[in-house]
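A.B. asks: Sequence plus predicted model, see below.
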Amino acid sequence: MKILVPVKRVLDYNVKPRVKADGTGVDLANVKMSMNPFDEIAVEEAIRLKEKGAATEIVAVSVGPAKAQETLRTALAMGADRAIHVQTDDEVEPLAVAKILKAIADEETPGLVILGKQAIDDDSNQTGQMLAALLNWGQGTFASKVEVDGSSVNVTREVDGGLETVKLSTPAIVTTDLRLNEPRYATLPNIMKAKSKPLAAKTPGDYGVDTAPRLTITNVVEPAKRSAGIKVGSVDELIAKIKETGVIA
Amino acid sequence: MSVALVLVEHEGGAIKDATLSAVTAASQLGEVHALVAGQGVGAVADAAAKIAGVTKVHVADDAAYGHNLAENVAPVAAAIVKDHCDYLVAPATTTGKNIAPRVAALLDVMQVSDILSVEGPDTFTRPIYAGNAIATVKSSDAKKVLTVRGTAFAKAPAEGGSGSVEAWSGGGDAGLSSFVGAEIAASERPELTSAKIIVSGGRALGSSEEFHRLIDPLADRLGAGVGASRAAVDAGYAPNDYQVGQTGKIVAPELYVAIGISGAIQHLAGMKDSKTIVAINKDEDAPIFQVADIGLVGDLFKLVPELTEKL
Ligand SMILES: Cc1cc2nc3c(=O)[nH]c(=O)nc-3n(C[C@H](O)[C@H](O)[C@H](O)COP(=O)(O)OP(=O)(O)OC[C@H]3O[C@@H](n4cnc5c(N)ncnc54)[C@H](O)[C@@H]3O)c2cc1C
Ligand SMILES: Nc1ncnc2c1ncn2[C@@H]1O[C@H](COP(=O)(O)O)[C@@H](O)[C@H]1O
């Protein structure tokens, strides 16, 4: 079974986003960019499935600018076998990403596509579900456990009330949640090895996908700032202050 | 007039509060219809018809919809929207987030996730980058699919409406997925997303035993829901459904008490709209104090028992 893993290059999660003064977006010039954390978890899960013998090949895919290749190299250094870079300088929305991924899935016929549940820049949480719809496959979103069993996969999902398990026939879509695994770091020898792993260069046009946006961002602002309050010196003072708010009597 | 279809989330025969917030958002867009999908959901449909503002309820009652499987429910929602509605509006809960994008793709539209406000028939605001930026987004799709952040919209009154109820048939089991089981924690405590007061614990608690020994009695005293940081959940001190933050639950109670939580942006994303924030942390420079209304610097193992006792 082949596993397809879409990975997105995003602002590193440790960097505090700065809104540009002209209201056009968040400043991405000269800031650290990394693989979306949920996608690292997706790559890790694919590697573990391969190590267990449940998967034979891992193909990482990224849609984005030239620099997205760095993210793909990271996936290769972690353990992916080859990569597909769909190069574009445009912002590609989840629906268009899903359409590109559908075309790739049609070509590659993977048994699983493992995506992150959410890209931490747009916070959309859509691409995996959309891809599942376009392929007419089952979807195990927000996964904290994935068990492949022959022609089906059991996915334990993190839901609002706790956990839920669904059984999907393969091929299927999985999206990762934080507790699925702890991604490994790429070792130096593997980083070196990754440089010679195959990386195919494509464009959205190669897949016949129109990436024209459906949504226009007309303005981006900082949220209303909360001002820091006061510090109290004791539990008694704390209780008195809480009581002043009227929430407790 | 435009019609907005609200995806009704229900559990054990009761409609969840998040649905009522979605109804409020939908009522700013046009006439409100509701979709109740499930098994044996006649009573839920009747309850949905009573929500103020709802004029029609579509009921899809079939075993295939019993566990909210997106593969089975999404085609129902897509079919109804296609024929009768201009919008699909779903609560931004794990159920809504699972189903709505699947509907959007079936309709070939881009979803607008987690909206904070309705600015016009095609314009919405939504948080990006863990709420560090608020984007105004205009959709050019003919039909629109939205998920709604519950804390950003008041709850529509559960009584007062008199919508009609109409059975929907078709669809059924797509044969792609089945429900195996669930571990849903039954708790006496208020649900996080609707709790008036929340007490949250972080990595500093150190173990599951200490988490429960210190946080639970304080929450009991306050009649509060219990939350946690990701670090506390990852370490197994608290279950996953306690996680507050960018990728967990978004809460905005009247009082949020953060105990031994540093205040990473991903955590703040989930709670910084709380009315009053209290923080207890031994590090006076912890970022949580930048958003806290009332801060107390010190050792939680000493301060929390004292606080619980004196309340
Ligand atoms: C993709 C991604 C998504 C994430 N999503 C979320 C999310 O949804 N929610 C979330 O919470 N996090 C999330 N995180 C994690 C986030 O970045 C932080 O790692 C996490 O919030 C830290 O948890 P913490 O504050 O409990 O732990 P720490 O940062 O370790 O803070 C512990 C605090 O306790 C204080 N302390 C220690 N001992 C004591 C004591 N005895 N008395 C008093 N205070 C004490 C310390 O001073 C410190 O401030 C996410 C991260 C990533 C990468
Ligand atoms: N440009 C992209 N290239 C590759 N994968 C992507 C891209 N955008 C989104 N994804 C995948 O879809 C997941 C969810 O993204 P989103 O729907 O944008 O929150 C991510 O975690 C990735 O796995």
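C.D. replies: Sure, I can see it. Ligands and ions are numbered 1, 2, ... in the order given.
A.B. asks: Please make it C-alpha for all contacts and neighbour counts, starting now.
C.D. replies: Noted.
A.B. asks: can you tell me the helix or strand for residue B:221?
C.D. replies: Residue B:221 is part of helix B:208-222, with elements assigned from DSSP states H and E.
A.B. asks: all strands of the stretch 51-200 of chain B, in order?
C.D. replies: Chain-ordered strands for the stretch 51-200 of chain B, with DSSP state E, counting those that start in this stretch as the definition, fall at B:54-61, B:87-91, B:111-115, B:117-120, B:123-128, B:133-139, B:144-148, B:164-167, B:177-184, B:197-201.
A.B. asks: what are the pairing partners of the fourth one, and which direction each?
C.D. replies: Strands flanking strand B:117-120 in the sheet, each with its direction: strand B:123-128 (antiparallel) (DSSP bridges).
A.B. asks: Give me the contact list for the partner strand.
C.D. replies: Residues outside strand B:123-128 that contact it (Cα atoms under 8 Å, 6 or more residues apart in numbering or on different chains): A:120-123, B:112-119, B:133-139.
A.B. asks: let's go with 10 Å and repeat that
C.D. replies: The set of residues that contact strand B:123-128 without belonging to it, under Cα atoms under 10 Å, 6 or more residues apart in numbering or on different chains, is A:17, A:25-26, A:119-124, A:215-223, B:112-119, B:133-140, B:146-149, B:246, B:269.
A.B. asks: List, out of the residues you listed, those positioned next to ligand 1.
C.D. replies: Under the cut-off given by Cα under 6 Å from any ligand atom, ligand 1 has residue B:246 from the contacts of strand B:123-128 close to it.
A.B. asks: What residues does the stretch 151-300 of chain B have near ligand 1?
C.D. replies: Remark: the part of the stretch 151-300 of chain B in contact with ligand 1 comprises B:202-204, B:229-232, B:243-248, B:260-264, B:266-267, B:281-283, B:286, B:298-300, using Cα under 6 Å from any ligand atom.
A.B. asks: Tell me which residue is most central in chain B.
C.D. replies: In chain B, the C-alpha nearest the mean C-alpha coordinate belongs to residue B:93, at 4.0 Å (Cα atoms, centre = their mean).
A.B. asks: burial of the closest residue to that one other than its chain neighbours, as a residue count?
C.D. replies: With Cα to Cα, 6 or more residues apart in numbering or on different chains as the measure, residue A:160 is the residue that lies nearest to residue B:93, at 7.0 Å, once sequence neighbours are left out. Neighbours of residue A:160 under the rule other Cα atoms under 10 Å in any protein chain shown: 20.
A.B. asks: Residue B:16 is in contact with residue A:160, correct?
C.D. replies: No - Residue A:160 sits out of contact with residue B:16 when judged by Cα atoms under 10 Å, with a separation of 11.5 Å.
A.B. asks: mind listing what residue B:167 touches?
C.D. replies: Residue B:167 makes contacts with B:35-36, B:42, B:45, B:57-61, as judged by Cα under 10 Å, 6+ apart.
A.B. asks: now the helices: where do they sit in the chain?
C.D. replies: Just going to use chain A. Ranges of helices in chain A, per DSSP state H, are A:37-51, A:68-78, A:94-108, A:127-135, A:188-194, A:235-245.
A.B. asks: my question was about chain B
C.D. replies: For chain B, helices defined by DSSP H occupy the ranges B:17-27, B:42-50, B:70-84, B:94-107, B:208-222, B:230-234, B:265-271, B:300-310.
A.B. asks: right, and those helices - which one's nearest ligand 2?
C.D. replies: Across the helices of chain B, the minimum distance to ligand 2, taken as Cα to the nearest ligand atom, is reached by helix B:94-107, at 8.9 Å.
A.B. asks: Any part of the closest one near ligand 2?
C.D. replies: No - legend: contact between helix B:94-107 and ligand 2 by Cα under 6 Å from any ligand atom is lacking; minimum distance shown is 8.9 Å.
A.B. asks: cool, and stretch A:120-134?
C.D. replies: Yes - between stretch A:120-134 and ligand 2, judged by Cα under 6 Å from any ligand atom, the touching residues are A:122-128.
A.B. asks: pull the CA atoms of that stretch into CSV?
C.D. replies: Extracted C-alpha coordinates of stretch A:120-134, given in CSV (Å, rounded to 0.1, in the frame of the first residue of the first chain):
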residue,chain,number,x,y,z
ILE,A,120,-1.9,26.6,11.5
ASP,A,121,-1.8,29.6,9.1
ASP,A,122,-5.3,29.6,7.6
ASP,A,123,-6.7,27.4,10.4
SER,A,124,-9.2,26.2,7.7
ASN,A,125,-9.5,22.5,8.7
GLN,A,126,-11.0,21.6,5.4
THR,A,127,-8.6,20.0,2.9
GLY,A,128,-8.8,16.4,4.0
GLN,A,129,-12.6,16.4,4.2
MET,A,130,-12.8,18.0,0.8
LEU,A,131,-10.4,15.5,-0.7
ALA,A,132,-12.5,12.7,0.8
ALA,A,133,-15.6,14.1,-0.9
LEU,A,134,-14.0,14.5,-4.2
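A.B. asks: Got the confidence number for residue 193?
C.D. replies: Picking chain A for this. According to the prediction, residue A:193 has pLDDT 97.
A.B. asks: oops, I was thinking of chain B
C.D. replies: Reading off the confidence values, residue B:193 has pLDDT 90.
A.B. asks: Just give the nearest non-adjacent residue to it, would you?
C.D. replies: Spatial nearest neighbour of residue B:193, excluding adjacent residues (Cα to Cα, 6+ apart): residue B:251 at 5.2 Å.
A.B. asks: what does residue B:261 give?
C.D. replies: Taking Cα to Cα, 6+ apart, and ignoring the residues beside it in sequence, residue B:261 has residue B:202 as its nearest neighbour in space, at 4.5 Å.
A.B. asks: what does residue B:165 give?
C.D. replies: Here the nearest residue to residue B:165 in space, its sequence neighbours aside, is residue B:57; by Cα to Cα, 6+ apart that works out to 4.7 Å.
A.B. asks: Which parts of chain B belong to which domain?
C.D. replies: With automatic domain parsing serving as the domain definition, the record reports that chain B contains domains spanning B:3-167, B:192-310.
A.B. asks: How about the contacts made by residue 152?
C.D. replies: If you meant another chain, say so; for now it's chain A. Here residue A:152 is in contact with A:111, A:167-172, B:176-177 (Cα under 10 Å, 6+ apart).
A.B. asks: actually chain B
C.D. replies: Taking Cα under 10 Å, 6+ apart, one finds B:21-22, B:25, B:114-117, B:251-252, B:273 in contact with residue B:152.
A.B. asks: One more: residue A:199?
C.D. replies: Taking Cα under 10 Å, 6+ apart as the criterion, residue A:199 is in contact with A:59-61, A:69, A:72-73, A:76, A:81-85.
A.B. asks: ok, for residue B:274, nearest residue in space, not its chain neighbours?
C.D. replies: Of all residues beyond its chain neighbours, the one nearest residue B:274 is residue B:252 (4.0 Å), with distances taken as Cα to Cα, 6+ apart.
A.B. asks: coming back round to it: now for the contacts of residue B:167, which sits with the most neighbours around it?
C.D. replies: Looking at the contacts of residue B:167 with neighbours defined as other Cα under 10 Å, the largest count falls to residue B:45 at 30 neighbours.
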